[in-house]
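J.: starting from these lines, generate the structure:
(2 chains)
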2 protein chains.
Amino acid sequence: MSEETENIQFQLTKELIEQVELLIAEKNDKELKVLLDEFHHADIAEILDEIDLEEAMYVIKLLDSETTSDILMELDEDNREKVLRNLSAKEIAEEIEELDTDDAADIIAELPESRQQEVISQIVDEEHKAEINELLAYDEDTAGGLMAKELVKVYDTWTVAGCLRRIRGQAEEVTRVHSVYVVNKQGKLVGRLSLKDLIVAKNEQKIADIYISSVDSVNVHDDVEVVAQVMAKYDLEAIPVVDGKQILLGRITIDDIVDVIKEEAEKDYQLAAGISQDVEADDSVWELTKARLPWLLIGMFGGLGAASIISGFTGAMLKYTELLLFIPLIQATAGNVGVQSSAIVVQGLANNTIKGKLLKRLLKEFSLGLVNGVAIALIVLLISHFGFKTSYLVSMTIGIALITVIIMAALIGTFVPIILDKRGVDPAIATGPFITTSNDIFGILIYFLIAKAILGF
Amino acid sequence: MSEETENIQFQLTKELIEQVELLIAEKNDKELKVLLDEFHHADIAEILDEIDLEEAMYVIKLLDSETTSDILMELDEDNREKVLRNLSAKEIAEEIEELDTDDAADIIAELPESRQQEVISQIVDEEHKAEINELLAYDEDTAGGLMAKELVKVYDTWTVAGCLRRIRGQAEEVTRVHSVYVVNKQGKLVGRLSLKDLIVAKNEQKIADIYISSVDSVNVHDDVEVVAQVMAKYDLEAIPVVDGKQILLGRITIDDIVDVIKEEAEKDYQLAAGISQDVEADDSVWELTKARLPWLLIGMFGGLGAASIISGFTGAMLKYTELLLFIPLIQATAGNVGVQSSAIVVQGLANNTIKGKLLKRLLKEFSLGLVNGVAIALIVLLISHFGFKTSYLVSMTIGIALITVIIMAALIGTFVPIILDKRGVDPAIATGPFITTSNDIFGILIYFLIAKAILGF
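T.: Below you'll find the predicted structure:
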């Protein structure tokens, strides 16, 4: 019955975890191996993330380093750190021999500095060692920090037949061959070929005659976000990395870029939600507090600022107590509008769709604020006057304050991220609690100033 | 000097746009073609997005349909709609003949229903037409809605040599060959081969002897988010799509998944920021208002709710006016904590890292709220007592209220998205203004209730 390939997805069940734990407890190595052999290394990593460190170490010592090196890469970062701490420098070096240079360099970079040299010195393969050392020199947020040295490279002087022969050799080392890169005598990237092109070409043709000379590449010092943008825009699965002299240094594959895109999106999302460090739901209370308390403190000082503004108007307040009822409304509206505006700008900046002059954009936000403001002010005016029985003057105060606050919040929400971006600061930092807090304070200040002007206290 | 391949990125400059506009005005077709031929179709699309519709139509009629079909796919959705409206059914059909089936089906799905059949009937290639019709039947959020029919398929009974011969034929139609899919006589997917495997294999070997039988696949009705998760987890560049009987129907490539991941991230980000529809900074004021006003109205009703709560305590308020100063602080803190908690849960749900019991998670949020709450309450207590000279009882009221409000906001922020997710509702909807607004109201209510209990008004 079951000759069929299955497309049922891996399910991390309680039963499975218990089964693994039982086999470990029984030291039943044979069955444990048979069981785990069925799974993809990413699935085994998910199992290890769920069991105790000692049990995970048992599994890692049991399986061969070809599998465990891949598992290591897929473990949750915190768990990987713990596992690495429990392995000797020699054992880590053995894992690293199995990894592609980019993954190998990432693992080493995660080690405490004191261990890094110790591990590197234990790597037997001298070429692998040299390449890893080269990669470690690049900033992790650049193309150099993301690229792997493994690639298939041919010289433009070769023939198709010679090329295929040599590729057979090179390709064994390279997990996935996306493109064959064509270089000239000096090692400069001059073009590319797909395997398909090679298969379709005739054996005696010269590479120089068939290669495609238009090849996208990125500089080794380009920011990873730029690399992600280029690869997404041009639908690339791999991109060669060159230095300033166009010498081919490595290549970046799309799976790494998918991770970059996901991480950037998560970071922006967390910043917008007022979380200052990369945390997960499963992190400790202490780590979560470190990530969350800073923004709460900013909000707290904002709230205290609002308190001192209100205290400056206490006398008037007691004359017009109705005004007080609408403080939360003014504050919430200012916060919501600000977050909306800044989110749209931050996303536009990330996607490169924010073009044109700042003034034009502010004018647009102004008209947008006016439309939204008038709509909301009219509703509130009616409800406050007939529902809360506020006087004409107080109702008017609330309405005019709402319109003003909405316009102001929209302008601040637009202006701040654009200015930050122009100054080279990540505009995402301007979203969330930062915008909300400043708008809270300005909103309340404007509310009381307008009240003062209209009601004359 | 410039034999070198350039890795300077395309820059959409004002000068370039003016140059294109001038050549169009002069009807200088020859130079316009020479100029645009230099650029990637994604870059030409960026230029067309910036110029007037009439000018864009001029360029589209000028270039051959092989290029324009690719340009069409890269245009901003609003602009694509306008361009398609200006093309006849026959012209659209010509563009579609050039596109892969997945892109072709996407374009047709974007047309008004009345035009869809008209365009399809004009497609000359009967096989292409049938495949597009098949794809149109699938929901756009499923694997079937994302897959293309173009793929390289071989039978397990073939030899390597025969396989290579046939692949040469099939591969011409398929832009990029990731994997060669192996099927049996019934068309069931049984395995895969990489081109590398084929190149490395000997000509006389049977496919049945060399193919890799472990091949990930997704069902044609799987949700695109599931497909994205599987491809990202297993670092796949393409995945075959099968039906319930394991018959190979199509394949999905990573470039489409990159778009899905980006769109999902943007959608979640916008929901968290209180934007209810997919909008861009460049959309019209009207479209932006439609996306932004709904959440502002929710916030408005929240503010009015808070107003009626406060009005219920007016008598007490006038006795303890100091209490009023801290309404914004209570409200802002409740909102910030709620957004933080819900963002972490929403992200955890998206990444499948929310495991274990709901109760355990709520307990964790409780202790987290307690830690943050006590920290903030202590600072505020000191500042309110010594800075704002509030009485002991009022200071205590504020402190206890803050702790309670923070814990409550953390619990609501955690509970609501988890419950929504369990009921099959997108939990991202629970972030942003929704959580903020409900926490605003609860926060103020709790504040006054605690004040009443302590101060006894």
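J.: just name the shakiest helix or strand of chain A by mean pLDDT.
T.: helix A:195-200 (a mean of 76; mean pLDDT, DSSP states H and E).
J.: buried stuff in the top helix by length along chain A?
T.: Counting residues, the longest helix found in chain A (DSSP state H) is helix A:392-422. The neighbour-count check on helix A:392-422 (16 or more other CB atoms under 10 Å in any protein chain shown) flags A:394-418, A:420-421 as buried. To be clear about C-beta, it is placed using only N, CA and C from the backbone, and glycine gets the same treatment.
J.: what do you get for stretch A:450-457?
T.: If you call a residue buried by 16+ other CB under 10 Å, then stretch A:450-457 has these buried ones: A:450-451, A:455.
J.: likewise for stretch A:291-298?
T.: Neighbour counts over stretch A:291-298 (16+ other CB under 10 Å) mark A:291-293, A:295-298 as buried.
J.: near chain B too, which of those residues?
T.: By CB under 8 Å from any CB of the partner chain, the members of those lying near chain B are A:292-293, A:295-297.
J.: so which of those residues sit within helices?
T.: Under the assignment DSSP H, these contribute A:292-293, A:295-297 to helices.
J.: can you list the residues of the stretch 351-457 of chain A near chain B?
T.: Taking CB under 8 Å from any CB as the measure of proximity, the stretch 351-457 of chain A contacts chain B at A:351, A:353-355, A:361, A:364, A:367-368, A:371-372, A:375-376, A:379-380, A:383-384, A:387-388, A:406, A:431-433, A:436-437, A:440, A:444.
J.: tell me the average confidence for stretch A:257-274?
T.: Taken as a whole, stretch A:257-274 has an average pLDDT of 87.
J.: restricting to C-alpha, output that stretch in PDB.
T.: Extracted in PDB, the C-alpha atoms of stretch A:257-274 (Å, rounded to 0.1, in the frame of the first residue of the first chain):
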ATOM      1  CA  ILE A 257      17.700  35.600   2.200                       C
ATOM      2  CA  VAL A 258      14.300  34.100   3.200                       C
ATOM      3  CA  ASP A 259      15.700  34.000   6.700                       C
ATOM      4  CA  VAL A 260      16.900  37.600   6.400                       C
ATOM      5  CA  ILE A 261      13.500  38.700   5.200                       C
ATOM      6  CA  LYS A 262      11.700  36.900   8.000                       C
ATOM      7  CA  GLU A 263      14.000  38.300  10.600                       C
ATOM      8  CA  GLU A 264      13.700  41.900   9.300                       C
ATOM      9  CA  ALA A 265      10.000  41.600   9.300                       C
ATOM     10  CA  GLU A 266       9.900  40.200  12.800                       C
ATOM     11  CA  LYS A 267      12.300  42.900  14.100                       C
ATOM     12  CA  ASP A 268      10.100  45.700  12.600                       C
ATOM     13  CA  TYR A 269       7.000  44.100  14.000                       C
ATOM     14  CA  GLN A 270       8.500  43.900  17.400                       C
ATOM     15  CA  LEU A 271       9.700  47.500  17.300                       C
ATOM     16  CA  ALA A 272       6.200  48.600  16.300                       C
ATOM     17  CA  ALA A 273       4.800  46.700  19.300                       C
ATOM     18  CA  GLY A 274       7.400  48.200  21.700                       C
END
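J.: any low-confidence regions in the stretch 301-450 of chain A?
T.: Across the stretch 301-450 of chain A, the ranges flagged by pLDDT under 70 are A:355-356.
J.: kindly recompute the last result at 80.
T.: Within the stretch 301-450 of chain A, the stretches with pLDDT under 80 are A:315-318, A:351-357, A:429-434.
J.: still on that earlier bit, and the buried ones among the residues of the stretch 351-457 of chain A next to chain B, selectable in ChimeraX?
T.: Those of these that count as buried under 16+ other CB under 10 Å are selected in ChimeraX with:
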select /A:354,361,364,368,371,372,375,376,379,380,383,384,388,406,431,432,433,436,437,440,444
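J.: can you list the domains in chain A?
T.: A:14-142, A:152-263, A:285-455 (automatic domain parsing).
J.: which one of these is the most hemmed in?
T.: Of all the domains of chain A, domain A:285-455 has the most neighbours on average by mean count of other CB atoms under 10 Å in any protein chain shown, namely a mean of 21.
J.: show me where the stretch 251-400 of chain A has helices.
T.: Using DSSP state H, counting those that start in this stretch, the helices of the stretch 251-400 of chain A run over A:254-272, A:285-312, A:314-319, A:321-325, A:327-350, A:358-382, A:392-422.
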